[in-house]
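just a sequence and a predicted model for now, questions to come.
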Amino acid sequence: MRAVVQRVIEATVTVDGEAVGSIGAGLAILVGVAPTDTAADARALADKLAGLRIFRDQAGKMNLSVMEVGGGVLVISQFTLYGDSRRGRRPSFIGAAQPDVAEPLVDATVAHLASLGVPTATGRFGADMSVTLTNDGPVTLILEVSDGRVQ
């Protein structure tokens, strides 16, 4: 699994002009799934996201997690994170999992975040989504999960 994580002041995802997911301060997360990803990868990603210390403490140091600051997460499925543009000008997405594999793993990531007490919102899997957000920092990280470990 791959995730692009952005610390945000606010974020909203819209489908056909309707806001389907929205948060205030917290994390906007784009999640891509590979064919070999597992439920253990989804759980490891959720654990890392919930505990990632990228929010400022009273001294201004990035030392607090989204759970510690009471923030929310907006999770958006994003198969294009597995785009390969090494050849030609049109990316190939053959490295992305098919929807029947990807959707349950994105859902499992969201469910585990919620079970940890993190307020969660989502986009709509497979939909043409518009995402608006206000970066906080800006702070943006890329996470890679494989064999239940986050790199």
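Cool, got the structure.

packing partners of the lengthiest strand in the chain?
Identified as the longest strand of the chain according to DSSP state E is strand 129-146. If you count contacts as 3 or more CB pairs under 8 Å, 6 or more residues apart in numbering; DSSP states H and E, strand 129-146 packs onto strand 2-15, helix 39-51, strand 72-77. All C-beta spots, glycine's among them, are computed from the backbone N, C-alpha and C.

out of those, which is closest to residue 104?
Ranking the helices and strands packed on strand 129-146 by proximity to residue 104 (CB to CB) places helix 39-51 first, at 8.2 Å.

quick check: neighbours of the helix or strand following that closest one in the sheet, parallel or antiparallel?
Note on helix 39-51: by DSSP states H and E, the next helix or strand toward the C-terminus is strand 55-56. Strand pairing for strand 55-56, using DSSP bridges, gives strand 62-64 (antiparallel).

OK, contacts around the most centrally placed residue in the chain?
Nearest to the geometric centre of the chain sits residue 29, at 2.5 Å (CA atoms, centre = their mean). Shown in contact with residue 29 (CB atoms under 8 Å, 6 or more residues apart in numbering): 3-6, 49, 73-76.

against residue 4, how distant is it?
Distance, residue 29 to residue 4, using CB to CB, to the nearest Å: 7 Å.

what do you get for residue 128?
With CB to CB as the criterion, residue 128 and residue 4 are 19 Å apart.

the two: who's more crowded?
For the pair residue 128 and residue 4, the greater number of neighbours falls to residue 4 (16 against 8), based on other CB atoms under 10 Å.
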